[in-house]
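Novice: Predicted coordinates and the sequence they were generated for:
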Amino acid sequence: MCGIFGSILKNGNVAPVIHAGLKRLEYRGYDSVGEATVHDGQLHIKKDAGKIDDVHAVLNLDDMPGRVGIGHTRWATHGAPYQVNAHPHTDCVEEIAVVHNGIIENFADLKLELENSGHVFKSKTDTEVIAHLIEGKLKEGLPLIDAVRAAANRLDGSYALAVISIKEPDKIVCARNESPLTIGITDNAIYFASDIPAFLPLTNKAVIIENGELVVLRQEGYEIRRLADWTVVPRQPEMIDWDPEMAEKQGYPHFMLKEISEQPATLRNTLRLQDQYLELMTEFLDRAGEVFLVAAGTSYHACLAASYMFSKLAFLATHPIISSEFVEQHGKSVNIDSTILFVSQSGETADTLSAVDHAHLRAATILGLTNVIGSTLTRVSRVYVCQQSGPEIGVAATKTFTSQLSVLAQLALRLAKKRGKVSHVEIEFLESKLKQIPDIAGTILKKHSEKIQLLAKKYCDKQCFFFLGRGISSATASEGKLKLMEISYIPAIAYPAGESKHGPISLIDSGFPVIFVCPKDDTHKTIVSNIMEMKARGASIIVLCEEGDEEIKSLADDFIEIPEGVPEILSPILYVIPLQTLAYYITLERGHDPDMPRNLAKCVTVK
Ligand code: F6R
């Protein structure tokens, strides 16, 4: 999604600082970039469509005067990615410049109204209405802060916006509704950003701005007010304990590989979560009349796997639902007895939050699992658990998926214990296995990297891939498919293996690659038959199986072995790792950038 970043410096030119901040926001996905500064009664603006480095090579984004400025990376929603649509946007008389992340739902009506009163629009964006609305209020004689407030009160939709003005060059006025906005503070500068990593190398003192708030930044500090009643909101900065290096690549060629490699550490972190939150959430799940697990994309696949965990361990039936379908599918049946666990790495995914809103209206119990403390999901949840994976910069979710699975497995185990459905011996066995998972993840990463690179070379030219698994492994297969498809652009299909013969098998001809996820669990015998079915039709069989599983290996063209003795419910955490790695290397073989796949954004804040 769009990224916003800006700053007021005590000394020096702000443009290079904004440029560097925007670079740190690249992971959010974007198609255009721009900066505006204010200096000597004039706005200075540079912007264009394209990657930051390319635009900088032509325009020199660092060469702009002024200590006060705003910047933006745009992911097109209204208007194609052209120069004219890039932010910042200005009013008719170039008195103010605005950057905005989000979508203004009533922009068409507002635009018509503004055009009828003489405003001339330059772009096709929804954002430009904000500049003209503020202009209108300034003309009525309001100071900038009041003009921004009045404009914000006319906006329906989501926004994190920032405004500078030549008439009041000492300040930046920001406002937030739904889209994330944070402030960073040092002795020599104040920053705003859509995301903490944008200023993390500069400061770890942050203030999170809430929905419905306006914040005025000055060199001396900040003041937050509620848009609705204009009350001042006192809020002290909090210390963010993400060390700046965590947000860098640390010598890896891509964030995605760095994040895949971090999994032993991030999985370890999930074993150190605060007991009281896990316990409280377990309590809510135990009391629930019905439980929905709601999420999008990779987080949905974690929910899919979790539904097997809850069922098998705690005998709790849960409904895993894709966020964007939730209201249509279950909206009417959700009620005060419903308990909904929303899973979202970012905690800001629009589809998930709109399902949250619906659940809230119907008085359901809202639980959250997220990676981002301070995200909207953490603020609306009755109880939330933070998965503690650290910032994930690569667009493709990797370490956050395995952390979600680990937390969900812990919840299922706690619930099993509480309900007494599974013997103590089994629970203790599973708990001890869970503790070994980080080390086994490390072994898998070390052992298979070279082999996976060879497999990537062998299969990178294939036109399509099939991913199959049975039981909980069908969730692993779905996630493997999503990883490959989203970064390598190779079409891929995932099915529960049993279902593949009801249609998709007709795709198979000689050499069609089929990846089977086959841990040694109750589904093992049947998946052998599914492999035979594919093999008989000429498919190239690639299997993920347990070490020493000679039966499966003898059927495969290629195999990757996972250490023995991984219990079924924990298997997705480990079996997905080679699939993430394979997707990464196939993407490199095909010459694409795995960190920034086209058309995708790290956090999808539109519905
Ligand atoms: C895929 C991916 C996306 C996200 C989805 C939900 O690699 O990252 O599919 O999983 O957009 O995002 P969160 O979990 O932030 O709600």
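Specialist: Alright, I've got the coordinates. Numbers count the residues shown, from 1 in each chain.
Novice: Up against the ligand, what does the stretch 301-450 of the chain have?
Specialist: 344-346, 349, 352, 396-397 (CB under 6 Å from any ligand atom). Placement of C-beta: from N, CA and C, glycine included.
Novice: Output the residues you listed as CSV; include the columns secondary structure.
Specialist: Converted to CSV, those look like this (DSSP: H, G, I helix; E, B strand; the rest coil):
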residue, secondary structure
Ser344, strand
Gln345, coil
Ser346, coil
Thr349, coil
Thr352, helix
Ala396, coil
Ala397, coil
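Novice: partner residues bridging Ser540?
Specialist: Using DSSP bridges, the bridge partners assigned to Ser540 are Pro513.
Novice: ok, it to the ligand distance?
Specialist: Using CB to the nearest ligand atom, to the nearest Å, Ser540 is found at 25 Å from the ligand.
Novice: Pretty sure that residue sits against Pro513.
Specialist: Yes. Here Ser540 lies in contact with Pro513, judged by CB atoms under 8 Å, at a distance of 4.8 Å.
Novice: what residues do these two have in common as contacts?
Specialist: Counting by CB atoms under 8 Å, 6 or more residues apart in numbering, the residues touching both Ser540 and Pro513 are Tyr459.
Novice: Buried residues of stretch 444-454, list them for me.
Specialist: Buried residues in stretch 444-454, counted by 16 or more other CB atoms under 10 Å: 444-445, 447-448, 451-453.
Novice: three-state assignment of the residue lying closest to His254 once chain neighbours are set aside?
Specialist: Excluding the flanking residues, the one nearest His254 by CB to CB, 6 or more residues apart in numbering is Asp595, at 4.9 Å. Using three-state DSSP, the structure places Asp595 in coil.
Novice: pLDDT on stretch 402-417, on average?
Specialist: The pLDDT scores in stretch 402-417 average 97.
Novice: got the CA positions of that stretch in CSV?
Specialist: The C-alpha coordinates for stretch 402-417 follow below in CSV (Å, rounded to 0.1, in the frame of the first residue of the first chain):
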residue,chain,number,x,y,z
THR,A,402,5.2,-20.2,10.8
SER,A,403,4.9,-18.0,13.9
GLN,A,404,1.2,-17.8,13.5
LEU,A,405,1.1,-21.6,13.3
SER,A,406,3.2,-22.0,16.4
VAL,A,407,0.9,-19.7,18.4
LEU,A,408,-2.2,-21.4,17.1
ALA,A,409,-0.8,-24.8,18.0
GLN,A,410,-0.1,-23.5,21.5
LEU,A,411,-3.6,-22.4,21.8
ALA,A,412,-5.0,-25.7,20.6
LEU,A,413,-2.7,-27.5,23.1
ARG,A,414,-3.9,-25.4,26.0
LEU,A,415,-7.5,-25.9,25.0
ALA,A,416,-6.9,-29.6,24.8
LYS,A,417,-5.4,-29.6,28.3
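Novice: Tell me how far Leu363 lies from the ligand.
Specialist: No Leu there; residue 363 is Ala. To the ligand, Ala363 is 23 Å away according to CB to the nearest ligand atom.
Novice: same deal with Thr476?
Specialist: Noted for Thr476: a distance of 14 Å to the ligand, by CB to the nearest ligand atom.
Novice: Show me which parts of the helix or strand containing that residue are buried, residue by residue.
Specialist: If you go by DSSP states H and E, Thr476 is part of helix 473-488. Buried residues in helix 473-488, counting neighbours by 16+ other CB under 10 Å, are found at 473-488.
Novice: helices and strands around that helix, which ones?
Specialist: Counting contacts by 3 or more CB pairs under 8 Å, 6 or more residues apart in numbering; DSSP states H and E, helix 473-488 is packed against helix 297-314, strand 465-469, strand 492-496, strand 513-518, helix 571-589.
Novice: And the contacts of the second one?
Specialist: The reference is to strand 465-469. Contacts for strand 465-469 (CB under 8 Å, 6+ apart): 459, 474-478, 480-481, 484, 490-497, 500, 504, 507-508, 512-518, 523, 527, 530, 534, 539, 579.
Novice: Spatially nearest residue to Val216, not counting backbone neighbours?
Specialist: Leaving out its chain neighbours, the residue that sits closest to Val216 by CB to CB, 6+ apart is Glu223, at 5.0 Å.
Novice: Can you list the buried residues in the strand or helix carrying the one you found?
Specialist: Element membership for Glu223, per DSSP H and E: strand 221-226. Neighbour counts over strand 221-226 (16+ other CB under 10 Å) mark 222, 224-225 as buried.
Novice: Kindly reformat the residues of the stretch 301-450 of the chain next to the ligand as JSON lines containing pLDDT.
Specialist: Formatted as JSON lines, those follow (pLDDT from 0 to 100):
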{"residue": "Ser344", "pLDDT": "98"}
{"residue": "Gln345", "pLDDT": "96"}
{"residue": "Ser346", "pLDDT": "92"}
{"residue": "Thr349", "pLDDT": "95"}
{"residue": "Thr352", "pLDDT": "97"}
{"residue": "Ala396", "pLDDT": "97"}
{"residue": "Ala397", "pLDDT": "97"}
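Novice: Pick out the most distant pair among these.
Specialist: By the measure CB to CB, Thr352 and Ala396 form the most distant pair in these, at 17.9 Å.
Novice: For Ser340, list the residues it contacts.
Specialist: Just to correct that, residue 340 is Ile rather than Ser. Listed by CB under 8 Å, 6+ apart, the contact partners of Ile340 are 291-294, 334, 355-356, 359, 364-367.
Novice: related to what we said a few turns ago, hmm, which of the contacts of strand 465-469 are the buried ones?
Specialist: The buried subset of the contacts of strand 465-469 (16+ other CB under 10 Å) comprises 459, 474-478, 480-481, 484, 490, 492-497, 500, 508, 512-518, 523, 527, 530, 534, 539, 579.
Novice: who's in contact with the one residue in the chain that gets nearest to the ligand?
Specialist: Proximity of the chain to the ligand (CB to the nearest ligand atom) peaks at Gly297, 1.8 Å away. Neighbouring residues of Gly297 by CB under 8 Å, 6+ apart: 397, 482, 604.
Novice: now do Lys171
Specialist: 8, 68, 144-145, 164, 216-218.
Novice: isn't Val334 right up against His358?
Specialist: Yes. Look at Val334 against His358 with CB under 8 Å: they come within range, at 7.0 Å.
Novice: More neighbours: the two, which one.
Specialist: Val334 (21 against 17; other CB atoms under 10 Å).
Novice: any idea whether the more buried one is helix, strand or coil?
Specialist: Criterion first, three-state DSSP; result for Val334: coil.
Novice: Setting aside sequence neighbours, what's the nearest residue to it?
Specialist: In space, Val334 is closest to Arg362, 4.7 Å off (CB to CB, 6+ apart).
Novice: My read is that that neighbour contacts Ser338, right?
Specialist: Yes. Between Arg362 and Ser338 there is a contact under CB under 8 Å: 7.4 Å.
Novice: From the neighbour counts alone, determine which of those two ranks first.
Specialist: Ser338 (20 against 16).
Novice: Show the contacting residues for that one.
Specialist: Applying CB under 8 Å, 6+ apart, we find Ser338 in contact with 288-292, 359, 362, 364-365.
Novice: Quick one: name the residues of the protein near the ligand.
Specialist: Listed as neighbours of the ligand in the chain under the rule CB under 6 Å from any ligand atom: 296-299, 344-346, 349, 352, 396-397, 482, 486, 603-604.
Novice: Could you find the closest non-adjacent residue to Asn101?
Specialist: Excluding the flanking residues, the one nearest Asn101 by CB to CB, 6+ apart is Cys2, at 3.9 Å.
Novice: who touches the closest residue to Leu582 other than its chain neighbours in this structure?
Specialist: Once flanking residues are discounted, Leu582 sits nearest to Ile452: 5.2 Å by CB to CB, 6+ apart. Residues in contact with Ile452 (CB under 8 Å, 6+ apart) are 560, 578, 581-582, 585.
Novice: switch to 6 Å and redo it
Specialist: The neighbourhood of Ile452, defined by CB atoms under 6 Å, 6 or more residues apart in numbering, consists of 581-582, 585.
Novice: what about Leu293, how many neighbours?
Specialist: Using other CB under 10 Å, Leu293 has 24 neighbouring residues.
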